[in-house]
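In: Sharing a sequence plus its predicted fold:
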Amino acid sequence: MSWFLAFAGFALLVILHELGHFTAAKAVGMRVEKFSLFFPPTLFSVRRGETEYAIGSIPAGGYVRISGMNPSEDLPEEVRDRAYHSQPVWKRIVVIAAGPAVNLVLAFVLLFVFYAAVGPYETGVAAIEKSYPAAGTLHVNDQILAVDGHKASFEKASKLISAHHCAQSPPTARCKATTPARLTVLRDGRRVTVSVAPIYDAKAKRTRVGFQYGSIDTRENLSLGSAVDLTADKYWFFTKATLELPARLINPEQRKEISGAVGAYETTRQTILNQPADVIGILALISLSLAIVNLFPFLPLDGGHIFWAIVEKVRRKPVPFAVMERAGVVGFMLIILIFLIGFTNDIDRLSGQGFGVR
């Protein structure tokens, strides 16, 4: 069932994206020849009026075919006035931008629903190092409220703990601080204060009690206002991260972090099994990534069509299709490169430690 639900989620994003193009094209009077979910060969099709509605056999996207997308296309006389390249630039931009626009709006709505109805995970003690004093004193899922009576975020808690020094100077590896740190934690709904003496970590060059901070199993309840603020913040954060994708291709370490369709699908499927509510957030991020990547200014992406429409508007005459085709080779190679890197990384994760789904 998880395979089907993950597939249905991806299909929905594709349908809504293409529906944006389709609806805008119909609204501005263009002739839509075909609306297809997935790519050929076609498994099923039906014609309604001038448009053929189809389902393809390759589940790697979808498309809307509008008459005259190729300026050299031979069209009947009665169709030419409604062809894509016969329309004003503004209409072409509206039609092409409508697909990514649907995904951008959908991503924001899904993120808001996730933060308002489900809530993000609280942060706290995600793991404890056995060879440090935290073992046996702190528990996984403890939330650190204060250190030595001072309200503390993770960064401040680390500084307050490291303020407890060893007697010797310079300190030696694993020497114990002369005074214990008092940690006030929220544990199973109760406030608990524990005392633990930090020890010196020579590698970190500071005293530590030995726990890792991160997401825990407790959800945070947000007000509507806080949910809107967090949605806007995360929306911009993930947008910037996606825009930096081409630059990440250059850095070998960042290149390993790139994930493709296989990784997104498998992460969604595993999340359905483990934390079904988190699927809302994952689909929001996939929808946002789909929109941003599609707006990169390279053919055959939507952004490439928008770019060349703007160039035509600036130079006040059409751009030769041959020029757009040659320039599109660059975009096509970039897409293939991103796909291959993402696919390779996904296979490595599938055959290795997995995708780290909670």
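Out: Nice, thanks for sending it over. Since the model is a prediction, treat every value here as computed from it, not as a measurement.
In: So which bits of the helix or strand containing residue 306 are buried?
Out: Per DSSP states H and E, residue 306 falls inside helix 302-315. Neighbour-count burial for helix 302-315 flags 302, 303, 304, 305, 306, 307, 308, 309, 311, 312 (criterion: 16 or more other Cβ atoms under 10 Å). To be clear about C-beta, it is placed using only N, CA and C from the backbone, and glycine gets the same treatment.
In: Which single one of those residues is nearest to residue 29?
Out: residue 309 (16.7 Å; Cβ to Cβ).
In: The closest one touches residue 89, doesn't it?
Out: Yes: between residue 309 and residue 89 there is a contact under Cβ atoms under 8 Å: 4.9 Å.
In: How about residue 146: what's its closest non-neighbour residue?
Out: residue 184 (4.1 Å; Cβ to Cβ, 6 or more residues apart in numbering).
In: check which helix or strand covers the one you found.
Out: Per DSSP H and E: residue 184 is located in strand 181-187.
In: ok, back up a step: check which helices and strands the helix holding residue 306 sits against.
Out: helix 89-113, helix 321-351 (3 or more Cβ pairs under 8 Å, 6 or more residues apart in numbering; DSSP states H and E).
In: Check those for me: which has the lowest mean pLDDT.
Out: Least confidently modelled of those is helix 321-351, at a mean of 68 by mean pLDDT.
In: Now render the buried residues of helix 302-315 as TSV, adding distance to residue 61 and pLDDT.
Out: What follows is those, written out as TSV (distance: Cβ to Cβ, whole Å; pLDDT from 0 to 100):
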residue	distance to residue 61	pLDDT
302	12	89
303	16	90
304	15	86
305	16	88
306	18	93
307	20	90
308	21	88
309	22	90
311	26	90
312	26	88
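In: give the contact list for residue 61.
Out: Residues near residue 61 by Cβ atoms under 8 Å, 6 or more residues apart in numbering: 14, 38, 39.
In: sorry, back to before: tell me how many other residues surround the residue nearest to residue 146.
Out: 18 (other Cβ atoms under 10 Å).
In: The one 10 residues further on now?
Out: Here the number of neighbours of residue 194 (other Cβ under 10 Å) works out to 17.
In: SS state for it?
Out: Secondary structure, DSSP: H, G, I helix; E, B strand; the rest coil: residue 194 is strand.
In: got the residue ranges for the helices in this structure?
Out: Using DSSP state H, the helices of the chain run over residues 2-27, 77-80, 89-113, 154-162, 224-243, 245-248, 252-255, 261-274, 279-294, 302-315, 321-351.
In: Among the ones you listed, which comes closest to residue 217?
Out: Set against residue 217 and scored by Cβ to Cβ, those come closest in helix 261-274, at 11.4 Å.
In: Check the average confidence over the closest one, would you?
Out: Helix 261-274 comes out at a mean pLDDT of 54.
In: swap in stretch 236-256?
Out: On average, the pLDDT along stretch 236-256 is 71.
In: One more: stretch 210-225?
Out: 83.
In: again with stretch 172-190
Out: 92.
In: What sits closest to the residue nearest to the spatial centre of the chain if chain neighbours are left out?
Out: By Cα atoms, centre = their mean, the chain has its centre lying nearest to residue 285, at 3.4 Å. Leaving aside its sequence neighbours, residue 285 sits nearest to residue 238 (Cβ to Cβ, 6+ apart; 5.9 Å).
In: Surely the one you found and residue 288 touch.
Out: Yes: judged on Cβ under 8 Å, residue 238 makes contact with residue 288 at a distance of 5.6 Å.
In: Those two: which is more packed in?
Out: More crowded of residue 238 and residue 288, by other Cβ under 10 Å: residue 288, with 24 against 17.
In: Quick check: the closest residue to the more buried one other than its chain neighbours vs residue 37, distance?
Out: Nearest residue to residue 288, sequence neighbours excluded (Cβ to Cβ, 6+ apart): residue 107, at 3.7 Å. Look at residue 107 and residue 37: by Cβ to Cβ, to the nearest Å, they are 20 Å apart.
In: Among these two, which residue is more densely surrounded?
Out: residue 107 (25 against 19).
In: Any buried residues in stretch 62-76, and which?
Out: Using 16+ other Cβ under 10 Å as the test for burial, stretch 62-76 gives 62, 63, 64, 65, 66, 67, 68, 69, 75.
In: before we move on, what about stretch 320-339?
Out: Residues 321, 324, 327, 328, 331, 332, 334, 335, 338 are the ones in stretch 320-339 that count as buried (16+ other Cβ under 10 Å).
In: Who is residue 63 paired with across the strands?
Out: residue 36 (DSSP bridges).
In: which residues sit in contact with it?
Out: Residues in contact with residue 63 (Cβ under 8 Å, 6+ apart) are 18, 34, 36, 39.
In: thinking again about what came up before, for the buried residues of stretch 62-76, which one is nearest residue 281?
Out: For these, the nearest to residue 281 is residue 62 (23.5 Å; Cβ to Cβ).
In: and the gap between that closest one and residue 99?
Out: According to Cβ to Cβ, residue 62 and residue 99 sit 10 Å apart.
In: so what sits against both of those two?
Out: With Cβ under 8 Å, 6+ apart, residue 62 and residue 99 have common neighbours 17, 18.
In: before we move on, the earlier item: could the helices and strands packed on helix 302-315 be laid out in a markdown table, adding distance to residue 167?
Out: Formatted as a markdown table, the helices and strands packed on helix 302-315 follow (distance: least, Cβ to Cβ, whole Å):
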| stretch | distance to residue 167 |
| --- | --- |
| helix 89-113 | 51 |
| helix 321-351 | 47 |
